[in-house]
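Colleague: Below: sequence and its predicted model.
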Amino acid sequence: MKVVQIVPTIQYGDAIGNAALALRDILINMGHDTAIYADGITLREEQRRLVFSIVDLPMLNEDDVLLFHISNSTFLHDELPKINCRKIGIYHNVTPAKYFREYSYILFRLCAKGKREVKQLRDVFDYCLTDSDFNRQDLISYGYKCPIDVCPILIPFEDYELAPNKEVVEKYKNGRTNILFLGRIAPSKKHEDVIAAFSSYKKYYDPDARLLLVGTDQHVEGYRKRLEVYIKHLGVEDVIFTGKVMFDEMLAYYRIANVFLCMSEHEGFCVPLVESMYFDVPIIAYAGAAVPETLGGSGVLLSDKDPLITAGVIKKVVSDAKLKKEILDGQRRRLKDFSYENVSGQFKKYLEDFIEGNR
């Protein structure tokens, strides 16, 4: 029996790709004949040999199992009904197209098409796994009738013990307050709300503070330009766009951050929240989409985006040692739920139950 994964596009540093590679190791340890297949592949050399082109996907039999990662539009969705095997959908959510209407016709069309395709797949899968209950409710609202379980995304934490980029650490670890948001530059992530809060914090509490916005602006350069205009309008300095970074640079930004500030309105899980927990960075986040679920009572959850209120919260978290300790203690407790052992154990049980006909 084969248990294979299909990831439409797999990229270096992407959370979905990292999870697929980690699941590959689990499947091998479980004794399964397994491999990953993708249409678009952008990986480091040592990872590239672990992923095969979709054109090399072998003929699958009725007893084989296909794990298909769902995250956006792909021609592979049309091919799924033709594959004669047992199918598990792993749903990572699709960003609502409305966020890209003003900034990227390509992403607007891609996300709108992706949502339609997810709905059209409702009778294709025998079973689904979702990163969060937020995502599970998505599938239910689309008419999915198959069993659906929640299994958080698998994060290979051992990678985070690699050495951080020395240049980034030396540049920014100099006693100034570093407020971090890490994630691709995208309208759904509401960078403007992060900037507004930072502007108030810098004006009223800490003129030496820095805001580090880590992530690529590919396909949304118009949104990035609008953010730059907004920064000039506010008259705020020390807002730094890093662009796409290497893995060791990402590690460095977490290590020098004093606060992780997230104002995103759409997250199916939000891996950077868990990464912040791992690096002991106190989290302040707006209660949007799956964010409250991922935090699970840890961090500081905001029900309002008022920049003055948020600035006051940042000040309190940075300056109150007792409060900071309480926040970090809560985040460490929550982090245990996402440990490799816990999540891999959940995945193994769900897969074994499915194979045995109990799901």
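Modeller: Received the coordinates, thanks.
Colleague: which residues touch residue 308?
Modeller: By C-beta atoms under 8 Å, 6 or more residues apart in numbering, the contact list for residue 308 reads 200, 204. From N, CA and C alone the C-beta is placed, and that goes for glycine too.
Colleague: Please, which helix or strand holds it?
Modeller: Element membership for residue 308, per DSSP states H and E: helix 307-319.
Colleague: Could you list the buried residues of that helix?
Modeller: 307, 310-315, 317-318 (16 or more other C-beta atoms under 10 Å).
Colleague: C-alpha coordinates for that helix, CSV please?
Modeller: Extracted C-alpha coordinates of helix 307-319, given in CSV (Å, rounded to 0.1, in the frame of the first residue of the first chain):
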residue,chain,number,x,y,z
PRO,A,307,-3.9,52.1,17.7
LEU,A,308,-3.7,54.0,21.0
ILE,A,309,-5.0,51.1,23.0
THR,A,310,-2.7,48.7,21.2
ALA,A,311,0.3,51.0,21.8
GLY,A,312,-0.6,51.0,25.5
VAL,A,313,-0.7,47.2,25.5
ILE,A,314,2.8,47.1,23.9
LYS,A,315,4.1,49.5,26.5
LYS,A,316,2.7,47.4,29.3
VAL,A,317,4.1,44.1,27.9
VAL,A,318,7.6,45.6,27.2
SER,A,319,8.0,47.4,30.6
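Colleague: Centre of the chain to it, how far?
Modeller: Centroid separation between helix 307-319 and its chain, computed with C-alpha atoms, centre = their mean, to the nearest Å, is 25 Å.
Colleague: just stretch 45-63 next, same as before
Modeller: Worked out by C-alpha atoms, centre = their mean, stretch 45-63 lies 24 Å from the chain centre.
Colleague: With stretch 33-50 instead?
Modeller: Stretch 33-50 sits 20 Å away from the centroid of its parent chain (C-alpha atoms, centre = their mean).
Colleague: what residues does it touch?
Modeller: Under C-beta under 8 Å, 6+ apart, the answer for stretch 33-50 is 1-12, 17, 20-21, 24, 27-28, 51-54, 56-57, 74-76.
Colleague: Now do the end-to-end distance for it.
Modeller: Across stretch 33-50, the terminal residues are separated by 13 Å (C-alpha to C-alpha, to the nearest Å).
Colleague: what comes up buried for it?
Modeller: 34-38, 41, 43, 47.
Colleague: now stretch 317-331
Modeller: So, applying 16+ other C-beta under 10 Å, buried residues of stretch 317-331: 317-318, 324, 327-328, 330-331.
Colleague: Name the pair among these with the greatest separation in space.
Modeller: Distance extremes for those: the farthest pair is 318 and 330 at 16.9 Å, using C-beta to C-beta.
Colleague: Not counting its own residues, what contacts stretch 16-30?
Modeller: 3, 5, 7, 10-11, 34-36, 43, 47, 50-51, 67, 69, 71, 92, 153-156, 159, 340, 344, 347-348, 351.
Colleague: Now, of these, which are buried?
Modeller: 3, 5, 7, 10, 34-36, 43, 47, 51, 67, 69, 71, 92, 153-155, 344, 347, 351.
Colleague: which neighbours does the lengthiest strand in the chain have in its sheet, and in what orientation?
Modeller: Counting by DSSP state E, the longest strand found in the chain is strand 3-11. According to DSSP bridges, strand 3-11 forms sheet pairs with strand 36-42 (parallel), strand 65-70 (parallel).
Colleague: Following that strand in sequence, what is the next regular element?
Modeller: According to DSSP H and E, the helix or strand after strand 3-11 is helix 15-29.
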